[in-house]
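In: attaching a predicted model along with its sequence, questions to come.
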There are 4 protein chains.
Amino acid sequence: MQSLKKIFLNDFFVLGLIVLNAVIIFIDEFDVKLKALDYLEALITLLFMGEIVVKISHYGVRKYFGSNWNRFDFLLIIVSLPSLAILFYGDTLMETNIFLTLRVLRIFKSFRVIRFMPEADSFIKSIKRALQASYIIIFGFVILIFITALISCSLYKDIAPEYFRDPIVSIYSIFQLFSVEGWYEIPNLISERSNAMTAFFAKFYFSVLLMGGGILGLSLVNSIFVDAMVSDNTDELEEDVKQLTKKIDSLEEKIDQLLKSKK
Amino acid sequence: MQSLKKIFLNDFFVLGLIVLNAVIIFIDEFDVKLKALDYLEALITLLFMGEIVVKISHYGVRKYFGSNWNRFDFLLIIVSLPSLAILFYGDTLMETNIFLTLRVLRIFKSFRVIRFMPEADSFIKSIKRALQASYIIIFGFVILIFITALISCSLYKDIAPEYFRDPIVSIYSIFQLFSVEGWYEIPNLISERSNAMTAFFAKFYFSVLLMGGGILGLSLVNSIFVDAMVSDNTDELEEDVKQLTKKIDSLEEKIDQLLKSKK
Amino acid sequence: MQSLKKIFLNDFFVLGLIVLNAVIIFIDEFDVKLKALDYLEALITLLFMGEIVVKISHYGVRKYFGSNWNRFDFLLIIVSLPSLAILFYGDTLMETNIFLTLRVLRIFKSFRVIRFMPEADSFIKSIKRALQASYIIIFGFVILIFITALISCSLYKDIAPEYFRDPIVSIYSIFQLFSVEGWYEIPNLISERSNAMTAFFAKFYFSVLLMGGGILGLSLVNSIFVDAMVSDNTDELEEDVKQLTKKIDSLEEKIDQLLKSKK
Amino acid sequence: MQSLKKIFLNDFFVLGLIVLNAVIIFIDEFDVKLKALDYLEALITLLFMGEIVVKISHYGVRKYFGSNWNRFDFLLIIVSLPSLAILFYGDTLMETNIFLTLRVLRIFKSFRVIRFMPEADSFIKSIKRALQASYIIIFGFVILIFITALISCSLYKDIAPEYFRDPIVSIYSIFQLFSVEGWYEIPNLISERSNAMTAFFAKFYFSVLLMGGGILGLSLVNSIFVDAMVSDNTDELEEDVKQLTKKIDSLEEKIDQLLKSKK
């Protein structure tokens, strides 16, 4: 029993299971239709559940759920539990939407591997910091996409229904435009279907949108990322300079003492 | 009366109206043809006008227009006023250009939401600073696009009229080339229609243009953005170092006193 | 005579001529076939020559050619002189290659406007610095493109002759791949024409090339640009810290004096 | 004999050979079918072998292989040796896979030119540093591509087999999506083949993938590159500040002496 506990608390064993799980799903997705693979995959899910039980009994409920990584693991395993149903109802569910969802859910367990990445914590931290630094920009982008999508929908609904038929389709088209990819196809299509004046305005309008949204926008996101990264370096320097200032303050005190003793 | 004033001065009420306004336009653009939506939208425009009147009477004309955000609000509401005409002449104007313009104008009110973005002021400030830092580059780009468009027009007017028929079309084509998107279609088309020598020159010419305009240019814009962002950090540090210098200056004075008292 | 000299030495007059010259060429390229425009354009070229004569006689040969901007102007005007021939032989040369070249040459005068850009000198300086900082990278890229073009030509010459027929065509295809634009069309074409194994290798090979050349490469260029920009800021700071060090050195000397006077 | 040694130890002679080798292969790849070129190329390979022998005898085995560049040279020459077989079996091997491989192998010798690039060492060092700084990100990207490829394969295997037929094809499609190039073709294809709900989900799913993988991901790589570059500058500054701190420490000691002598 004790040795079983040791095995489940061993990171290499768990990592091995995660990799094995990924490999099985990888092979299974080639449509090999090997029942054995499904059984093996279900076994790994059960082993993961065992791991949770062992860890909670070892660390205690509070300490176990106090760790972000443990909560992450717990969530991913719970999410993949329904996929065990494939084993029993696989043949009857085949080709249904539920079956598809179950197959997708079991893949999520593979995300557990992130925990074992070298410097995973600092990686997650730097992504978090970058997202925090740019959440206003993302917010601004969402507003910009929403409003320009409404304007574009209002303007080009009838001329280019494939892009601006309704506000939701427009939002997707504006997003596509802001990704720069294939942006000029939109004004070109409008130009083909309208008179010279409208064509000219459409090209001007979408060029400005591209400049504003695509080029400048991405640069802004980019620069804020860089800012967050670089400020690290200067933070260290600022610390150094602060230490220096303290030292000089103590120097001043001592010289003041000297001056006082003179009088 | 007083309570009405309170409501109009309440930011959450105004924000609620703006969001409601956006939602109504969003639904309306699906061509639901609900007269009620148009009436509601017109009501919101009237409420916005009421807000202006209340705010001006509360703060006074001078103080109200002293705020950039107030002027921004005022402009957006004035611009959307003509859209009220849809209510009365909607059916007769339908499908005309004036009708289209009126429908677009009413969307502009939605931009008022920018004011309520978290850290809106610092966001606007950072965009302004970035634009100021790069306005020379934008100026240089406009000149580069203009002159290379003239050169390309002069060279390829007859070979590729769809891209370089006249200077205005050329400007658009050069802009498209500088966005990197689909750039190689231009030299490929020219190659198809001309001899090996001209084809080779065209490929070389547009490759150089792409390198100069697209890659290096975007990098420059990018780096200046980053520069503006990063200089913030070092500005703080510079301030720190300046403080330090002052402290050392005062230290020196004190030591000078000590030296003098010795003599 | 003196007043004529004054006019030619006046920057606004010269800028006006440059802009007028650009506007005339812009209109002329619409194929308006107005003889008057050609005469006007030729007159401006002559006025530019007059400007050179006046400036050389005013500043002296040595001082005139001592300025980079003057040499730039001189070169552009000399280059556009042959275009005067259009006036006399325009009708007979029409549609010939010489005629085309002459028409292009006259556009180059427009580049003189760069001199009048706000902060033109600092703009040129920052582009120069950026190019200097990245010339090794550009050099490395040229080598990378050349060698990978040879390898790709050797591998896919027979399978995809439209991309890798000979080394020169290969260089252009690799350049296109590194611009990311339409990169996957190349491995897709090769996949269609070959067996599964070759298709797999082609996809792998071009993905790696794209990663190496396109993504990482552009990032490197980018980062060096940024480096050159940002180092400016820290240069100032370094200067500040150096000043501080000097001050502290002088402080130390004074304290040493104090210590000596004690003994 | 001594003069032969001198020639082989002369960098310009070696560089000349490398360039000549590249030029010969460049010409040969035009399918000129000149036997003389093959002989010349083989001669250069033999001269390179001679160079190795001379250098090892001159510097000694240990010192020769102690240099990274020498090991790089040695490897490239060994790799290209089999290509000598073209000379003897060229006609019989023609059009076989072995022949193709041999032709490719001989190109690798050209990479030796990297050693002669100005500031090659610092260039290699900066690439190494950049790769080290971003290897976790590359690792994270590989995991992200692998897992999202599995999910996409599971979801869209039947709807879009050309993109998600099996996990390997999926990995390639996700990589293509993350390069932004042509990303929207994937959701568009799925939309065409499925109902409105699935189409909407596909567009949402791939837009989020694009944002996560493409835009944010590239920005992260980018910012870490920049970080590595910029930290150089601040490293210098930090050194300066550390020197300053030492100086102030010694100042403090002296003032302490002064204070002690007072008592």
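Out: Thanks, I have it.
In: for chain A, what are the low-confidence residue spans?
Out: A:1, A:90-96, A:130, A:133-134, A:215-216, A:218-233, A:262-263 (pLDDT under 70).
In: and the helices in it?
Out: Remark: helices assigned in chain A by DSSP state H are A:2-9, A:11-28, A:35-59, A:61-66, A:68-80, A:85-93, A:97-107, A:120-156, A:161-164, A:167-178, A:185-193, A:196-209, A:217-262.
In: which elements pack onto the fourth one?
Out: Helix A:61-66 is packed against helix A:68-80, with contacts defined by 3 or more C-beta pairs under 8 Å, 6 or more residues apart in numbering or on different chains; DSSP states H and E. (Each C-beta comes from the backbone N, C-alpha and C, glycine too.)
In: what inclination does the helix it packs on have with respect to helix A:97-107?
Out: If you take axes from the mean of the first three to the mean of the last three C-alpha atoms, to 10 degrees, helix A:68-80 sits at 150 degrees to helix A:97-107.
In: figure out which of the helices of chain A is closest to residue C:192.
Out: For the helices of chain A, the distance to residue C:192 is smallest for helix A:185-193, at 24.1 Å, taking C-beta to C-beta.
In: the inter-axis angle of that closest one versus helix A:120-156?
Out: Using the same axes, to 10 degrees: helix A:185-193 against helix A:120-156 is 10 degrees.
In: stretch A:196-209 close to chain B?
Out: Yes - against chain B, stretch A:196-209 shows contacts by C-beta under 8 Å from any C-beta of the partner chain at A:200, A:203, A:207.
In: mind putting the helices of chain A in CSV, mean neighbour count included?
Out: Below are the helices of chain A laid out as CSV (neighbours: other C-beta atoms under 10 Å in any protein chain shown):
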stretch, mean neighbour count
helix A:2-9, 12
helix A:11-28, 17
helix A:35-59, 15
helix A:61-66, 12
helix A:68-80, 16
helix A:85-93, 13
helix A:97-107, 18
helix A:120-156, 18
helix A:161-164, 17
helix A:167-178, 21
helix A:185-193, 18
helix A:196-209, 16
helix A:217-262, 18
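In: any idea how far the most centrally placed residue in chain A is from residue B:37?
Out: Most central in chain A under C-alpha atoms, centre = their mean is residue A:127, positioned 8.3 Å from the mean C-alpha point. According to C-beta to C-beta, to the nearest Å, residue A:127 and residue B:37 sit 42 Å apart.
In: what's the answer for residue A:191, then?
Out: Taken as C-beta to C-beta, the span from residue A:191 to residue B:37 is 32 Å.
In: same question, residue A:40
Out: Residue A:40 sits 57 Å away from residue B:37, taking C-beta to C-beta as the criterion.
In: same check on residue A:255?
Out: 77 Å.
In: does residue A:181 touch residue D:177 like I think?
Out: No - between residue A:181 and residue D:177 there is no contact under C-beta atoms under 8 Å: 10.4 Å.
In: mind listing the shared neighbours of the two?
Out: Common contacts of residue A:181 and residue D:177 (C-beta atoms under 8 Å, 6 or more residues apart in numbering or on different chains): residue D:183.
In: list the contacts for the nearest residue to residue A:243 once chain neighbours are set aside?
Out: Closest residue in space to residue A:243, ignoring its immediate chain neighbours: residue D:245 at 6.9 Å, by C-beta to C-beta, 6 or more residues apart in numbering or on different chains. Residue D:245 makes contact with A:240, A:243-244, A:247, according to C-beta under 8 Å, 6+ apart.
In: let me see the contact set for residue A:119.
Out: Residues near residue A:119 by C-beta under 8 Å, 6+ apart: residue D:136.
In: that one and residue A:113, how far apart?
Out: In terms of C-beta to C-beta, residue A:119 sits 14 Å off from residue A:113.
In: same question for residue A:44.
Out: Applying C-beta to C-beta, the value for residue A:44 to residue A:113 is 13 Å.
In: contact residues of the stretch 51-200 of chain A facing chain B?
Out: Residues of the stretch 51-200 of chain A that fall close to chain B, judged by C-beta under 8 Å from any C-beta: A:136-137, A:139-140, A:143, A:146-147, A:150-151, A:153-155, A:157, A:166-167, A:170, A:180-184, A:200.
In: could the C-alpha coordinates of stretch A:42-51 be exported in PDB?
Out: The C-alpha trace of stretch A:42-51 is given here as PDB (Å, rounded to 0.1, in the frame of the first residue of the first chain):
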ATOM      1  CA  ALA A  42      -9.700   4.300 -19.800                       C
ATOM      2  CA  LEU A  43      -7.200   2.600 -17.400                       C
ATOM      3  CA  ILE A  44      -5.000   5.700 -17.500                       C
ATOM      4  CA  THR A  45      -8.000   7.800 -16.600                       C
ATOM      5  CA  LEU A  46      -8.700   5.500 -13.700                       C
ATOM      6  CA  LEU A  47      -5.000   5.700 -12.600                       C
ATOM      7  CA  PHE A  48      -5.300   9.500 -12.700                       C
ATOM      8  CA  MET A  49      -8.300   9.300 -10.400                       C
ATOM      9  CA  GLY A  50      -6.300   7.000  -8.100                       C
ATOM     10  CA  GLU A  51      -3.600   9.600  -8.100                       C
END
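In: who touches it?
Out: Contacts for stretch A:42-51 (C-beta under 8 Å, 6+ apart): A:8, A:14, A:17, A:20-21, A:24, A:77, A:80-81, A:83-84, A:86-87, A:106, A:109.
In: those: which two are farthest apart?
Out: Checking the contacts of stretch A:42-51 with C-beta to C-beta, the most distant pair is A:8 and A:86, at 24.5 Å.
In: what about stretch A:25-44, how long is it end to end?
Out: Criterion C-alpha to C-alpha, to the nearest Å; first-to-last residue distance in stretch A:25-44 is 11 Å.
In: before we move on, what about stretch A:60-77?
Out: Terminal-residue distance, stretch A:60-77 (C-alpha to C-alpha): 19 Å.
In: nearest residue to residue A:54 in space, please, no chain neighbours.
Out: residue A:8 (4.1 Å).
In: how about the contacts made by the one you found?
Out: A:14, A:50-51, A:54-55.
In: give me the nearest residue to residue A:141, chain neighbours excluded.
Out: Leaving aside its sequence neighbours, residue A:141 sits nearest to residue A:217 (C-beta to C-beta, 6+ apart; 6.4 Å).
In: surely the one you found touches residue A:145?
Out: No - here residue A:217 does not reach residue A:145: they are 9.9 Å apart, not a contact under C-beta under 8 Å.
In: quick one on the thing from earlier: which of the helices of chain A sits closest to residue B:213?
Out: helix A:196-209 (14.4 Å).
In: for the closest one, name the packing helices and strands.
Out: The contact analysis (3+ C-beta pairs under 8 Å, 6+ apart) places helix A:196-209 against helix A:120-156, helix A:167-178, helix A:185-193, helix B:167-178.
In: hmm, 7 Å instead?
Out: helix A:185-193 (3 or more C-beta pairs under 7 Å, 6 or more residues apart in numbering or on different chains; DSSP states H and E).
In: chain center to the helix it packs on, what's the gap?
Out: Computed by C-alpha atoms, centre = their mean, to the nearest Å, the chain-centroid distance of helix A:185-193 equals 35 Å.
In: can you show me the CA trace of that helix as PDB?
Out: Extracted in PDB, the C-alpha atoms of helix A:185-193 (Å, rounded to 0.1, in the frame of the first residue of the first chain):
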ATOM      1  CA  GLU A 185     -10.300  40.800 -51.000                       C
ATOM      2  CA  ILE A 186     -13.100  42.700 -49.200                       C
ATOM      3  CA  PRO A 187     -12.600  46.100 -50.900                       C
ATOM      4  CA  ASN A 188     -11.900  44.400 -54.200                       C
ATOM      5  CA  LEU A 189     -15.200  42.500 -54.100                       C
ATOM      6  CA  ILE A 190     -17.100  45.700 -53.200                       C
ATOM      7  CA  SER A 191     -15.300  47.600 -56.000                       C
ATOM      8  CA  GLU A 192     -16.400  45.000 -58.600                       C
ATOM      9  CA  ARG A 193     -20.000  45.400 -57.600                       C
END
